[in-house]
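Asks: Here is my input; please provide its structure:
(one chain, ligands or ions: 1)
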Amino acid sequence: MTYVNPEHWKPSKGVSLEGDALDIARSTNSRSILAGPGAGKTELLAQRANFLLTTGACPHPRRILAVAFKVDAARNLQDRVAARCDPNLSTRFESLTLHSFAKRLLDQFLEALPKEVRPPPGYRIFSPNRGIWDDFRNSVSLQFPSVMNYNDRDLYKLVHSVPSGDLFGNAADGIRSAWWAYSIRRSTITFEMVMLLALRILETQNSIVSALRQTYSHVFLDEFQDVNDLQYRLIKAAFHGSDAVVTAVGDTNQAIMAWAGALPDIFNRFNDDFAAVPSKLLFNFRSNQAIVDLINSIASMFETNPVMTQAARKDDPVPPDAIEGWVFEDREAEGRYIASFIREELGVDPARRPDDFVLLARVRVDNIEQRLKPHFVKAGLRLRNESRKVGELEIQDLMKEQVFRFIMAALKMAVSVRQGDPFQVCRDTLADLDGHDISTERGSSSSLQAVQRLVSDLGNALVGKRAADISGHEIVDLVMPQSRRDQFSRAYNEYRGSTRIAEVLDAFRLLFDESASQHTEWKDCIDLIEGRGVVKLMTIHKSKGLEFHTVTFIELNDDAFWKSGDDANVFLVALSRARERIKFTFAQDSRGFKNVQDFLERLEKAGVVFLNKP
Ligand SMILES: Nc1ncnc2c1ncn2[C@@H]1O[C@H](COP(=O)(O)OP(=O)(O)OP(=O)(O)O)[C@@H](O)[C@H]1O
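Replies: From the prediction side, this is the model:
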């Protein structure tokens, strides 16, 4: 592989990197980047990966490690790098969540832990419910009567706190140790414990730290504003003082995890610890001028030190109804109006599609779905509640599962539906399962043959069949026989143990059967499963990282917001999903608007007009 001369490297087509952004993409130093929503943080990291790999600044066989805090952000970045880079190079880019990074360390080096804190190899990750805490209290109350004074939350904090000195050294400490013994005996540990154990491994095993540092020449930290103390300790244990060049990217206006103990001054600490040069990304590439103005004005009211963005699309036309508040007498009228508005929009503008529209709510989307559905059906539209459960999984979580993506990709290849690059998903997954390295000629050709075999076997089984002629059950049997499930369990941490795979397969079957009963042809059925051609309804929390033409923010009222102020970041996340238009809807028969008074005043101050709608 010949490398490109760094002087001649160019960003991908359609991406404009200028000034600071270009500097960051090509930087040889650690950097911290603070940016507003839509500033192109994900794109910048993808461009930087492209630069490092194509110019050899990250030389073979060293790798880039990207750590995000949410599964979708990690996958989003991996997909973007795959789309930007030669596949032979992008295999040296690994995008993980911090949790999976920690879990991988733990699984690989369990033996390095002392026996009393070492979970057995088949351990499960769990989050203790009330019953577990009660059982734990009862089991240790004789020895530690004070355990009865802790409520569940305080107990959670105590057992995951890091005592001064040795991690598991002294006994308030007794209760903590008792918890660890209790969990490990039951072979179930919390995610927090995974982090603590990974930290313990790194803090005590120099050889493991050296191997890690040898592997990765560059590290990206995405969504860095969400990092908490323990997570930062883990990052430091892994890379502080190494030759790794670290790029931390974050957004002060979207610190959606603030409640989970994120550190406001994390950027300063990072700059000191890693001698990183700070910069700010000032453009918003996503939203039109009107929406950028609104985001800026809201951010400046909530934040003491907001990052103000400029609209990169300042010359684009802004629709006259870009930002509006809609006021309805009751929820019935609200549902009717939203559905007919979308229907009309689809009729007027041939470029608009149902999936350009999203309805965002803070909570209780199941209730909202029940309420809106009849109106959507009447308008001939499909509304999809992304939080709806199919079996044990929410639809939006199912869509991100590797097993699900693999089945869908195999199916698409077999029935010649090309949406979403199914070849790449099939090839990369099969390479993972078979342990092939596709950056080598041999690995690449073996993976290619594996894809051909899979597609031709499945294609033969489906010949002459429409989606409605086969069941989800049969597809699972064809694509995921037991031998392949075992491979998944071996290759992917999250599929260790059979439960998760079983849940995903079950959810796939249900969703497939449901969709095939509505759309008998393959293309339509696949579109429906993947949510194309439907209007989506989701929580704001799950909308992070996504963008839509028109956002409707529903239930900005006391049914959804219980106290004012705290939710400013949630509010900003919702606003910044919109490319062209944002609508706020208010139904007078909701519980009221006392808790959202703050938001409403700010919207008014920012010039949003509220229109009474029939
Ligand atoms: N340098 C660029 N030139 C042109 N378009 C860009 C550039 N950077 C980003 N974009 C486009 O702007 C939109 C937002 O980019 P991206 O998703 O990378 O932003 P982000 O900062 O990660 O967003 P957020 O955190 O708000 O979800 C995308 O549609 C992307 O394709």
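
Asks: And for the residue in the stretch 151-300 of the chain positioned nearest to the ligand, the neighbour number?
Replies: At 3.2 Å from the ligand, residue 285 is the closest residue in the stretch 151-300 of the chain, using CB to the nearest ligand atom. (C-beta placed from N, C-alpha, C; glycine too.) By other CB atoms under 10 Å, 17 other residues sit near residue 285.

Asks: Per-residue pLDDT of it, please?
Replies: Note for residue 285: predicted pLDDT of 93.

Asks: show me what contacts it?
Replies: 38, 39, 40, 43, 312, 313 (CB atoms under 8 Å, 6 or more residues apart in numbering).

Asks: Including pLDDT, could the residues you listed go into JSON lines?
Replies: Shown next, in JSON lines, are these (pLDDT from 0 to 100):
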{"residue": "38", "pLDDT": "85"}
{"residue": "39", "pLDDT": "87"}
{"residue": "40", "pLDDT": "89"}
{"residue": "43", "pLDDT": "93"}
{"residue": "312", "pLDDT": "91"}
{"residue": "313", "pLDDT": "92"}
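
Asks: Among these, which ones are in strands?
Replies: Within the contacts of residue 285, no residue falls in strands by DSSP state E.

Asks: Looking at the residues you listed, which is nearest the ligand?
Replies: residue 40 (2.5 Å).

Asks: Please name the nearest non-neighbouring residue to the closest one.
Replies: Nearest non-adjacent residue to residue 40, counting by CB to CB, 6 or more residues apart in numbering: residue 285, 4.9 Å away.

Asks: touching the ligand at all, the strand or helix carrying residue 298?
Replies: Residue 298 belongs to helix 289-302 when assigned by DSSP states H and E. No: residues of helix 289-302 are not located near the ligand by CB under 6 Å from any ligand atom, the shortest gap being 9.6 Å.

Asks: looking at it, residue 378 is touching residue 343, isn't it?
Replies: No: Residue 378 is not in contact with residue 343 according to CB atoms under 8 Å; the separation is 9.2 Å.

Asks: Which one's more surrounded, the two?
Replies: residue 343 (18 against 13).

Asks: quick check: longest helix of this structure.
Replies: helix 441-462 (DSSP state H).

Asks: From the contact counts, what lies against that helix?
Replies: On a contact count with 3 or more CB pairs under 8 Å, 6 or more residues apart in numbering; DSSP states H and E, helix 441-462 meets helix 402-414, helix 422-434, helix 472-479.

Asks: neighbouring contacts of the second one?
Replies: So the one you mean is helix 422-434. With CB under 8 Å, 6+ apart, helix 422-434 has contacts from 82, 87, 402, 405-406, 408-410, 412-413, 436-438, 443, 446-448, 450-451, 454-455, 484, 487-488, 491-492.

Asks: List only buried entries from these.
Replies: 82, 402, 405-406, 408-410, 412-413, 436, 438, 443, 446-448, 450-451, 454-455, 484, 487-488, 491-492 (16 or more other CB atoms under 10 Å).

Asks: Give me the pLDDT for residue 164.
Replies: pLDDT at residue 164 comes out at 53.

Asks: residue contacts, the residue nearest the centre of the chain?
Replies: In the chain, the residue lying closest to the centroid (CA atoms, centre = their mean) is residue 72, at 2.3 Å. Contact analysis of residue 72 by CB under 8 Å, 6+ apart lists 400, 544, 545.

Asks: repeat for residue 39
Replies: Contacts of residue 39 (CB under 8 Å, 6+ apart): 251, 281, 282, 283, 284, 285, 309.

Asks: same question, residue 81
Replies: 46, 49, 50, 90, 93, 95.

Asks: for the helix or strand it falls within, which positions count as buried?
Replies: Using DSSP H and E, the secondary-structure element containing residue 81 is helix 71-84. The neighbour-count criterion (16+ other CB under 10 Å) identifies 71-82, 84 as the buried residues of helix 71-84.

Asks: any idea where the helices of the stretch 101-250 of the chain begin and end?
Replies: For the stretch 101-250 of the chain, helices defined by DSSP state H, counting those that start in this stretch occupy the ranges 130-140, 152-160, 173-186, 191-204, 206-215, 229-239.

Asks: What helices and strands are in contact with the fourth one?
Replies: Looking back up the chat, that one is helix 191-204. Looks like helix 191-204 contacts helix 98-108, helix 152-160, helix 206-215, helix 229-239 (3+ CB pairs under 8 Å, 6+ apart).

Asks: burial of residue 229, as a residue count?
Replies: 13.

Asks: Assess the claim that residue 183 and residue 193 are in contact.
Replies: Yes: counting by CB under 8 Å, residue 193 is a contact partner of residue 183 at 6.7 Å.

Asks: Quickly list what's touching both of these two.
Replies: Common neighbours of residue 183 and residue 193 (CB under 8 Å, 6+ apart) are residue 119.

Asks: Tell me the pLDDT of the residue lying closest to residue 62 once chain neighbours are set aside.
Replies: Distance criterion CB to CB, 6+ apart; nearest residue to residue 62, sequence neighbours excluded, is residue 217 at 4.1 Å. Looking at residue 217, its pLDDT stands at 97.

Asks: Likewise for residue 572?
Replies: 85.

Asks: got it, and residue 307?
Replies: pLDDT, residue 307: 69.

Asks: give the contact list for the nearest residue to residue 458 once chain neighbours are set aside.
Replies: Leaving aside its chain neighbours, residue 458 sits nearest to residue 414 (4.0 Å; criterion: CB to CB, 6+ apart). With contacts taken as CB under 8 Å, 6+ apart, residue 414 has the following neighbours: 455, 458, 459, 462.

Asks: Can you give me the neighbour number for the residue nearest to residue 62?
Replies: Counted with other CB under 10 Å, residue 217 comes out at 19.

Asks: Tell me the spacing between residue 44 and residue 27.
Replies: Distance, residue 44 to residue 27, using CB to CB, to the nearest Å: 11 Å.

Asks: Same list (the contacts of residue 39) but as TSV, adding secondary structure and distance to residue 382.
Replies: Formatted as TSV, the contacts of residue 39 follow (DSSP: H, G, I helix; E, B strand; the rest coil; distance: CB to CB, whole Å):
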residue	secondary structure	distance to residue 382
251	coil	32
281	strand	37
282	coil	39
283	strand	35
284	strand	31
285	coil	30
309	coil	34
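
Asks: so of the contacts of residue 81, which ones are in helices?
Replies: Reading helices off the contacts of residue 81 with DSSP H, I get 46, 49, 50, 90.

Asks: if we can go back for a sec, have a look at residue 44 and residue 27 and say which one is more surrounded.
Replies: Neighbours per residue, other CB under 10 Å: of residue 44 and residue 27, the larger number sits with residue 44, 24 against 20.
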